[in-house]
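In: using only what follows, build the 3D model:
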Amino acid sequence: MGKFAVFRERSSRSLEKVGRFRIEGENIVRYLDGMGTYQVRRSWEILVLLRLGDEVIRDLDGGTVGMMSLSGSGKGVKMVIQERLYVAPGRRVKQVLEGKEKKGAVFGVKLM
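Out: Okay, the predicted model is just below:
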């Protein structure tokens, strides 16, 4: 029997801090530098963290601008807003939801 090898191609990714998020009333609001302000209902974000589905991201006028989901590893919250990929550390999102922290960072993902 011959030898074989399995190779996984992985594109290199770079993260750049591009904004922040915090709770405002019943919403988690994300402020993306130069892009705008976006919101998700607090209760819907909890469903994403529990892997109960993806959620719609809306602008402040209520229009749909993207989708949010939990990463495959469960360590990050992925957001596609206007065809660009952003992530926030899942642990920090949970800390903000629990009231242990006031805000967290949002990172833009750049494929290298």
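In: CA only for contacts and neighbour counts going forward, please
Out: Will do.
In: the closest residue to residue 53 other than its chain neighbours: neighbouring residues, count only.
Out: Using CA to CA, 6 or more residues apart in numbering and skipping residues adjacent in sequence, the residue nearest residue 53 is residue 47, 6.5 Å away. Residue 47 has 15 neighbouring residues, counting by other CA atoms under 10 Å.
In: would residue 47 count as being in a helix?
Out: Yes - the assignment for residue 47 is a helix, going by DSSP: H, G, I helix; E, B strand; the rest coil.
In: looking at the chain, which strand is longest?
Out: Using DSSP state E to define each element, the chain has its longest strand at strand 13-24.
In: what comes up buried for that one?
Out: Neighbour counts over strand 13-24 (16 or more other CA atoms under 10 Å) mark 18-23 as buried.
In: quick one: contacts for the closest residue to residue 109 other than its chain neighbours?
Out: Computed as CA to CA, 6+ apart, the closest residue to residue 109 that is not its neighbour in sequence is residue 15, at 4.9 Å. Going by CA atoms under 8 Å, 6 or more residues apart in numbering, residue 15 touches 107-110.
In: repeat that for 10 Å
Out: 86-87, 106-111 (CA atoms under 10 Å, 6 or more residues apart in numbering).
In: from those, pick the one nearest residue 95.
Out: residue 106 (14.3 Å; CA to CA).
In: isn't there a strand covering that closest one?
Out: Yes - under three-state DSSP, residue 106 falls within a strand.
In: isn't residue 36 right up against residue 21?
Out: No - here residue 36 lies out of contact with residue 21, judged by CA atoms under 10 Å, at a distance of 12.0 Å.
In: thank you kindly, that will do.
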